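Asker: take a look and give me a structure for this.
(2 chains)
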Amino acid sequence: MNRWEPFEWITAIRFLKDGRMQTIFIVAAVAIGVAVIVFMSAMLSSLQANFLKRVLTSQPHIQLISPDEVARPLRPPAPGLVVTSIIQRPAQRIRSIDQWQKIRAQLSEWPDIVTVSPTVTASALAVRGDASRSISLTGIDPEVYFKIVRIPDYIVAGRARALTEDILVGTELAKDLGLTLGDKINVTAATGSSRILTIAGIFDLGNKGANMRTTFVALRTAQALSNLVGGVTSIDLTVNDIYGAETIAQAVQAATGVEADSWIKTNAQFFTAVNAQQSSNTLIRVFVGLSVAFGIASVLVVSVIQRSKDIGILRAMGTSQGQILRVFLLQGGLLGLLGSIVGAAAGASALALWHAYMRQADGSELFPLVLEPSLFITAVLLAAATGVAAAAVPALRAAKLDPVVAIRG
Amino acid sequence: MRLNKVCKSYNIGTPVEVEVLHDIDLVLQRGEFVALIGPSGSGKSTLLNIVGLLDRPTKGRLFVEGKETSKLGDAAITKLRGHSIGFVFQYHYLISAFTALENVMMPLLVEHAFPNDDMQRKARELLAQVELTPWENNLANNMSGGQQQRVAIARALAMNPALILADEPTGNLDRNSANTVFEMMQRVNQANGTTFLIVTHNMELARRCHRTIEVVDGRIVTPE
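Answerer: Numbering: from 1, shown residues only, chains lettered A, B, ... in the order given. You can find the predicted model right below:
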């Protein structure tokens, strides 16, 4: 007996040691439950973090686009006259955002906004010899645009450079047109303008479709090709608080009069998927927690029955009801704590093992693993608290045992 | 210890209400060594439980060291029981998770919450008194019935109680062990002046006590 251990602690530990097999089995059961929770929670949060990172490093947080053109009657009908008309929606031309320089300056002063990058987006045809592919041409100012979409991180050959004669293409387009660094391609925009551009870099965005269609050129080049000299089709923004993007977008739209779409709005499906994942994860946690609680409670109920004579003797020698209560609550807490420590370690090990063996087709990791210490601390504390809560009923039963009945058995 | 017109009934207020002890008057003087005898079902164990503050009388008054107990709450009763009364049961009832030494220390640990050297010293002295020093680190399950009963006596003595109640302490032992245990209790009684009330069916042992109280059908039939 250690001097620093109180009676309740000593007795609880001895009872657990004495019923060794019961203790081992319930600790194993708790450990399995906690391991499942840790494994699933860490995997889901890693997946979400990775997905979020991918989404937010390949698109702006907010995009300002020029408003759609709408058809309006040339003149209002005279009073009392009813005019029937068919209003045809006009085809949407590529148009510049009106006074975009003023808007850019205004947004650059906005405290919540980090980066402001004007861009021109147009469709075009990339031609090399007899082969041609339709592409999406994005004209950018690399200095600011690369702070939004980190193209340099995705470059697999060449450099992330966008001088007026340069073009950055995806791996799929390069493969289809047989392009290597320094090769020339003819880019013809829908307006009919065309230019010979040099392959300065090849990137891999991790998406086959994007690698086939997306290309980047200098802003001036895109403006010239789309007959939009001095204009931009969109202004891309990043903000400090990614989850506040929608609120900021609404404020920007109100302040500038230009339509502003946040990444939250354009990725509504992603959020639905995240919410569904979180709900299912919560449900699994609740049910695993309940099964752990019932497991601990059932073991302690049996323990109270098995130890009724011990309880009777302890009560006869002056042990109070409160002391007996604490002995059994402690046992519940210790079972939860011990099981959760083993389970957290097992869950983390299983996750690391799974992460090491499960690879993408090219051998690279599926996604970076995020193991937050808070997850382990929370799991351990919650399991211990669950253990104490689960022990409440058997502990009360033990405390209320009539010593005469308990001794008689 | 004094019992004054103590009655005990079960199933009170129901059609099967039964009174198992009727108007018991009993006084136990300090240092007495008393045998409590009677046929099975006569109320001996119920009387012992009441004297030991494990059960409460339905009627009558019980005084322990001059203190009337009927108005005491559970916590006070538990404390009084822990301080003033020791128990030795027929089936030893040591706590199997603890060693002999720890079992003897247990009442002191319950009282003081944290273990200390004094407790250990006292427990060792008591084990020496019942001649079990070599077995102090043995778990209860690894000891014979007679040894376990001697550990139980040492444990009952840990708090220096005025009274030790023994419910058939030799009933589960062979003749030699029973004799050893009985002599041990007599020695403790003589050395410490501890009062003993011993329930027994063994008339030979009962005759060796200072006096004998017989309970028949819930009444004391032997005049004190």
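
Asker: OK, contacts around the residue nearest to A:Q323 when sequence neighbours are not counted?
Answerer: Excluding its sequence neighbours, the residue lying closest to A:Q323 (Cβ to Cβ, 6 or more residues apart in numbering or on different chains) is A:E8, at 6.0 Å. Yep, even glycine has a C-beta here, placed from its N, CA and C like the rest. Residues near A:E8 by Cβ atoms under 8 Å, 6 or more residues apart in numbering or on different chains: A:323, A:326-327, A:330.

Asker: same check on A:A174?
Answerer: The neighbours of A:A174, taking Cβ under 8 Å, 6+ apart as the test, are A:180, A:199, A:202.

Asker: and which of the residues you listed is nearest to A:A126?
Answerer: A:I199 (10.3 Å; Cβ to Cβ).

Asker: what about that closest one, neighbour count?
Answerer: Using other Cβ atoms under 10 Å in any protein chain shown, the number of residues around A:I199 comes to 23.

Asker: one more: A:G33?
Answerer: A:G33, neighbours per other Cβ under 10 Å, totals 27.

Asker: how about the residues of chain B near chain A?
Answerer: Counting by Cβ under 8 Å from any Cβ of the partner chain, the residues of chain B close to chain A are B:49, B:52, B:54-55, B:74-75, B:78-79, B:81-83, B:86-87, B:89, B:93, B:95-98, B:102, B:105-107, B:109-111, B:113-116, B:155, B:159.

Asker: Provide a ChimeraX selection command restricted to the buried entries of the residues you listed.
Answerer: Per 16 or more other Cβ atoms under 10 Å in any protein chain shown, the buried members of those correspond to this ChimeraX selection:
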select /B:49,52,54,55,78,79,81,82,83,86,87,89,93,95,96,97,98,102,105,106,107,109,110,111,115,155,159
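
Asker: picking that back up, let me have the contacts of A:A174 in TSV, extended by distance to A:R3.
Answerer: Shown next, in TSV, are the contacts of A:A174 (distance: Cβ to Cβ, whole Å):
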residue	distance to A:R3
A:T180	77
A:I199	77
A:I202	71
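
Asker: in chain B, what residue is nearest chain A?
Answerer: Using Cβ to the nearest Cβ, B:G82 is the residue of chain B that sits closest to chain A, at 1.7 Å.

Asker: how far does the helix or strand containing that residue sit from the chain's center?
Answerer: B:G82 is part of helix B:74-84, with elements assigned from DSSP states H and E. Offset of helix B:74-84 from its chain centre (Cα atoms, centre = their mean, to the nearest Å): 14 Å.

Asker: what's it packed up against?
Answerer: Helix B:74-84 sits against helix A:321-357, helix B:100-112, with contacts defined as 3 or more Cβ pairs under 8 Å, 6 or more residues apart in numbering or on different chains; DSSP states H and E.

Asker: list the buried ones in the first one?
Answerer: If I follow you right, that is helix A:321-357. So helix A:321-357, judged by 16+ other Cβ under 10 Å, has buried residues A:321, A:323-344, A:346-348, A:350-351, A:355.

Asker: following element in sequence after that helix, please.
Answerer: Helix A:321-357 is succeeded, C-terminally, by helix A:373-399 (DSSP H and E).

Asker: buried stuff in that following helix?
Answerer: Neighbour-count burial for helix A:373-399, counted by 16+ other Cβ under 10 Å, picks out A:375-376, A:378-380, A:382-392, A:394-399.

Asker: identify all contacting residues around the helix or strand following that helix.
Answerer: For helix A:373-399, the following helix or strand on the C-terminal side (DSSP H and E) is helix A:403-408. The contact list for helix A:403-408 (Cβ under 8 Å, 6+ apart) reads A:308-309, A:311-313, A:315-316, B:49, B:54-55, B:89, B:93.

Asker: state the mean pLDDT of helix A:403-408.
Answerer: Per-residue pLDDT values across helix A:403-408 average out to 81.

Asker: with stretch B:48-65 instead?
Answerer: Here stretch B:48-65 scores 91 as its mean pLDDT.
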